[in-house]
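1. Sequence plus the predicted model coming up.
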Amino acid sequence: MQIGAQLYTVRAHCTNLADFADTLQKIAAIGYKTVQVSGTCAYEPEWLAEQLRKNGLRCVLTHIPPDKIAETPEQVAAAHKIFGCGGVGIGHYDLEACGVDAFAQRFRPAGRILGQEGLRLSYHNHDGEFRQIDGKTVLERLAEAFPPEEMYFTLDTYWVQAGGGDPIAWLDKLSGRTPYVHLKDMAYGRKMAPVGAGNMNFTGILEACLRNGVEYALVEQDDCYGEDPFACLQRSFDYLKDFA
């Protein structure tokens, strides 16, 4: 399992290409070898490929507009191949408004095409996916609506716990379908914190990641509450590096 940085954490430092390039250099200096690209300014695939190469980084996952995935999966696959990324992520979707069945009908073809191109389509949860509908959570229904090879999951362990779920149990339940996880800690009052600075059971979570085939553990801290986000990423990396 490799430890990576979710660039959404430092999105305020990726608003133009010059800052984005500096940010990748800082991420590499912390010690991260992999990144997820999300929340950044627009970029050309060739530009990103060169910046990753210069800094010894690999992009393993993105979050891009869901409409683009559904409507032009072939172009999405071609662009991702240019910068060597095997994961295409849906960061958020209003499943309450559209319904799981309609979502599956829209995205199953894209998942199939991306799979044929050697990429994985992956859905990222928040807490809303733990609403119960007729005795099943939305996330359970989502997993049942797709063949495993057409939809994987980026299990955000913080949001699982915020939604009333057990991250360890969900890693076991989705075993083999979670090549990616998002890691941030939860402090008092549901405050987001660097990994190891809150109250989540990361010993158990990381053990569950390892036994269930998680390939990339991506540190994401949506809100650093005025702290330097690079310092927060450093603290999480220092806690996690022994599990890599």
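-> All right, it came through fine. Residues are numbered from 1 along each chain as shown.
2. Run through the protein and note the low-pLDDT ranges.
-> Using pLDDT under 70 as the threshold, the predicted model of the chain has low-confidence ranges 244.
3. how about 90 then?
-> Scanning the chain for pLDDT under 90 picks out the ranges 96, 242-244.
4. Tell me where it has strands.
-> With DSSP state E as the definition, the chain shows strands at residue ranges 2-6, 34-37, 58-63, 87-90, 120-124, 132-133, 136-137, 152-156, 180-183, 185-186, 192-193, 216-219.
5. residues touching residue 180, list them.
-> For residue 180, the residues meeting the contact criterion (C-beta atoms under 8 Å, 6 or more residues apart in numbering) are 36, 60-61, 87, 89, 122, 152-155, 214-218. Backbone N, C-alpha and C define where each C-beta goes, glycine included.
6. Oh, that last question was meant for residue 240, not what I typed.
-> By C-beta under 8 Å, 6+ apart, the residues touching residue 240 are 3, 183, 195, 196, 206, 217, 219.
7. how near is it to residue 217?
-> Remark: distance between residue 240 and residue 217 (C-beta to C-beta, to the nearest Å) = 7 Å.
8. so what sits against both of those two?
-> 3, 183, 206.
9. will you turn the residues you listed into TSV that also has distance to residue 19 and neighbour count?
-> Conversion of these to TSV gives the following (distance: C-beta to C-beta, whole Å; neighbours: other C-beta atoms under 10 Å):
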residue	distance to residue 19	neighbour count
3	23	22
183	25	28
206	32	23
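10. Looking at those, which one is closest to residue 160?
-> residue 183 (11.2 Å; C-beta to C-beta).
11. Bridged to the closest one, which residues?
-> For residue 183, the residues forming beta bridges with it (DSSP bridges) are residue 219.
12. Please name the residues that touch it.
-> Neighbouring residues of residue 183 by C-beta under 8 Å, 6+ apart: 157, 158, 195, 202, 205, 217, 218, 219, 220, 236, 240.
13. what do you get if the cut-off is 6 Å, keeping everything else the same?
-> Taking C-beta atoms under 6 Å, 6 or more residues apart in numbering, we find residue 183 in contact with 157, 195, 217, 219.
14. And the furthest pair within those residues?
-> The widest separation within these, taken as C-beta to C-beta, falls between 157 and 219 and amounts to 11.1 Å.
15. longest single helix anywhere in this protein?
-> Taking DSSP state H as the criterion, the chain has its longest helix at helix 100-116.
16. between that helix and strand 152-156, how big is the angle?
-> On the basis of axes from the mean of the first three to the mean of the last three C-alpha atoms, to 10 degrees, helix 100-116 is oriented at 110 degrees to strand 152-156.
17. Roughly how far does the residue lying farthest from the centre of the chain sit from residue 153?
-> Relative to the centre of the chain, the most outlying C-alpha is that of residue 134, 28.1 Å out, by C-alpha atoms, centre = their mean. Counting by C-beta to C-beta, the gap from residue 134 to residue 153 is 21 Å.
18. Any idea how many residues pack against the nearest residue to residue 10 once chain neighbours are set aside?
-> Of all residues not flanking residue 10 in the chain, residue 229 sits nearest, at 4.9 Å (C-beta to C-beta, 6 or more residues apart in numbering). The number of residues packed around residue 229, counting by other C-beta atoms under 10 Å, is 23.
19. Helices along this protein, start to end?
-> For the chain, helices defined by DSSP H occupy the ranges 17-30, 45-55, 66-71, 73-82, 95-98, 100-116, 138-145, 157-162, 167-173, 202-211, 229-240.
20. one step back: take the contacts of residue 183 and write them to CSV, including neighbour count and distance to residue 130.
-> CSV is the format used below for these (neighbours: other C-beta atoms under 10 Å; distance: C-beta to C-beta, whole Å):
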residue, neighbour count, distance to residue 130
157, 29, 12
195, 27, 21
217, 24, 21
219, 27, 22
